[in-house]
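[1] When you get a sec, could you give me coordinates for this:
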Amino acid sequence: MKIGFIGLGIMGKPMSKNLIKAGYQLVVSNHNPGAAAELEKLGAEVVETPREVAALTDVIITMLPNSPQVKEVVLGENGLKEGAKRGSVLIDMSSIAPLASRDIFAELEKFGVDMLDAPVSGGEPKAIDGTISVMVGGKQVIFDKYYDILKTMAGSVVRTGEIGAGNAAKLANQIIVAVNIAGMSEALVLASKIGVEPELVYQAIRGGLAGSTVLDAKAPLIMDRKFDPGFKIKLHIKDLKNVLETSHEVGVSLPLTASVMEIMQAVRADGLEEGDHSSIVKYYEKLAHVEVKR
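    Residues are numbered from 1 along each chain as shown. Predicted coordinates:
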């Protein structure tokens, strides 16, 4: 099967490589020339526009920053809709607002094109080793048909409902991750300020109820002062913006999410938006005049 792939960034490039390793033929756009050239060496076909990607394939995967970029690539000039054939499918693996996914799908339906919204969680390391979690919205029959493609890139693929449900699950995921990182940061800063070795605190609590995937993934990196982005602050801000806008549209109050959003804005104001979202700890370190390190 020939698959189109648009969005060869931190997540998209390793995901597309996993598809090639599994034997799929890929057609990619050259929006990111360096990454496209790298994929071309592995056997991918490189074309100029999303329209050309759609014309050459029956299933197109997009992995883009946010709703405006997805709408532009899908519905804009030389977009996917101009080249897509009736019966083809868009699998949008970007993290965007659920209502935006529904709007895009409604437009694609007019052209006989189906869609799954399938955002991911796990960050770059899991994208590289093919163990990301994928949350999928869309028709059951379309999900079943393309499940194997998704599973090639993922450790977990779960359908959460109709179109938009994948991104609704991703919003829930991003709330939990953000609040978890903030809580962990508060705890480790407190321990460090008291004068207790944060590594020992981490080892003491990780096996109990306070233990979590987030704690195990981020606490060691914080203590080693490694803030290279697995998932950038600016991207988590984008996700929380989608969370809060969606919550306002449907009438849900999310005070913890709003608080963490303001912390992330402060971190961005300090010039750290390109760093990993574990850089949240630096907000608390600045207030407490202490550094969490081994």
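
[2] helices and strands around the lowest-mean-pLDDT helix or strand in the chain, which ones?
    One helix or strand of the chain scores below all others by mean pLDDT, DSSP states H and E: helix 123-129, with a mean of 91. Contact partners of helix 123-129 among helices and strands, from 3 or more CB pairs under 8 Å, 6 or more residues apart in numbering; DSSP states H and E: helix 12-21. For the C-beta atoms, the positions are set from N, CA and C on the backbone; glycine is no exception.

[3] Sort out which residues of the helix it packs on are buried, please.
    12, 13, 14, 15, 16, 17, 18, 19, 20 (16 or more other CB atoms under 10 Å).

[4] The fifth one touches residue 8, doesn't it?
    Yes. The pair formed by residue 16 and residue 8 meets the contact definition of CB atoms under 8 Å, at 6.3 Å.

[5] which neighbours do the two share?
    28, 39 (CB atoms under 8 Å, 6 or more residues apart in numbering).

[6] Ramachandran angles for the nearest residue to residue 20 once chain neighbours are set aside?
    Distances taken as CB to CB, 6 or more residues apart in numbering put residue 42 closest to residue 20, at 5.0 Å, once the chain neighbours are dropped. Phi and psi for residue 42, reported as degrees, to the nearest 10, are phi -90, psi 0.

[7] now the helices: where do they sit in this structure?
    Ranges of helices in the chain, per DSSP state H, are 12-21, 33-41, 50-55, 67-75, 80-83, 98-109, 123-129, 140-153, 165-194, 198-205, 213-223, 233-250, 255-269, 280-288.

[8] how about these in JSON lines, adding distance to residue 294?
    Formatted as JSON lines, these follow (distance: least, CB to CB, whole Å):
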{"stretch": "helix 12-21", "distance to residue 294": "29"}
{"stretch": "helix 33-41", "distance to residue 294": "35"}
{"stretch": "helix 50-55", "distance to residue 294": "47"}
{"stretch": "helix 67-75", "distance to residue 294": "39"}
{"stretch": "helix 80-83", "distance to residue 294": "48"}
{"stretch": "helix 98-109", "distance to residue 294": "41"}
{"stretch": "helix 123-129", "distance to residue 294": "21"}
{"stretch": "helix 140-153", "distance to residue 294": "34"}
{"stretch": "helix 165-194", "distance to residue 294": "11"}
{"stretch": "helix 198-205", "distance to residue 294": "5"}
{"stretch": "helix 213-223", "distance to residue 294": "5"}
{"stretch": "helix 233-250", "distance to residue 294": "23"}
{"stretch": "helix 255-269", "distance to residue 294": "22"}
{"stretch": "helix 280-288", "distance to residue 294": "14"}
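
[9] Which of the ones you listed comes out lowest on mean pLDDT?
    Of all the helices of the chain, mean pLDDT reaches its minimum on helix 123-129 (a mean of 91).

[10] Need the residues that contact that helix.
    10-11, 14-15, 120, 132-133, 153, 155, 217, 229-231.
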